[in-house]
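Novice: sharing a model that was predicted from the sequence below.
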Amino acid sequence: MTQDPIEKAKELVGKFRAYSAPAIRTDSTFWSAKQCALIAVQEIINSCPALPSPNPVNSLDECVDQAKEFWQQVKNEINNL
C-alpha cells in the first residue's frame, strides 16, 4: 500500500462526515462519521481471511498480510482522530 494510513483515515472520516447531517457540523456528526469509517475498515479487514497454504511464504499471502496491516493502521488512525 502506498498511501499513508493517517491520510486514508482522515479521508474516510471526511467522506462519511459529508453524509452525516451535512447542514450541521458538531462533535456528534464527527463521532458518527468515525463509527461509519471504522465499520467500513473492519469489513475490509474481515474480507481478507488468512489463506491456508502449504508454502508459508508466497506472494499472495504476503499481499494479504500487507493489506491487512495497512487497514489495521488506518483503523488505529481513525480511533486517534
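Specialist: Sure thing, it's come through.
Novice: pLDDT score for the residue nearest the centre of the chain?
Specialist: Most central in the chain under C-alpha atoms, centre = their mean is residue 41, positioned 3.3 Å from the mean C-alpha point. Residue 41 is assigned 89 on the pLDDT scale.
Novice: residue 49 now?
Specialist: 59.
Novice: quick one, what contacts the residue nearest to the centre of the chain?
Specialist: 12, 71, 74-75, 78 (C-beta atoms under 8 Å, 6 or more residues apart in numbering). In this view, the C-beta of every residue, glycine as well, is placed from N, C-alpha and C.
Novice: okay, and it sits in which element?
Specialist: Using DSSP states H and E, the element containing residue 41 is helix 27-46.
Novice: so which bits of that helix are buried?
Specialist: Neighbour counts over helix 27-46 (16 or more other C-beta atoms under 10 Å) mark 29-30, 32-34, 36-38, 40-41, 45 as buried.
Novice: what is the burial count for the closest residue to residue 5 other than its chain neighbours?
Specialist: Among residues not flanking residue 5 along the chain, residue 73 sits closest, at 3.6 Å (C-beta to C-beta, 6 or more residues apart in numbering). Neighbourhood size, residue 73 [other C-beta atoms under 10 Å]: 17.
Novice: how far off helix 27-46 does the helix or strand containing residue 73 point, in degrees?
Specialist: According to DSSP H and E, residue 73 maps onto helix 59-80. Orientation of helix 59-80 against helix 27-46 (axes from the mean of the first three to the mean of the last three C-alpha atoms, to 10 degrees) gives an angle of 170 degrees.
Novice: which strands and helices sit next to helix 59-80?
Specialist: Judged by 3 or more C-beta pairs under 8 Å, 6 or more residues apart in numbering; DSSP states H and E, the packing partners of helix 59-80 are helix 5-17, helix 27-46.
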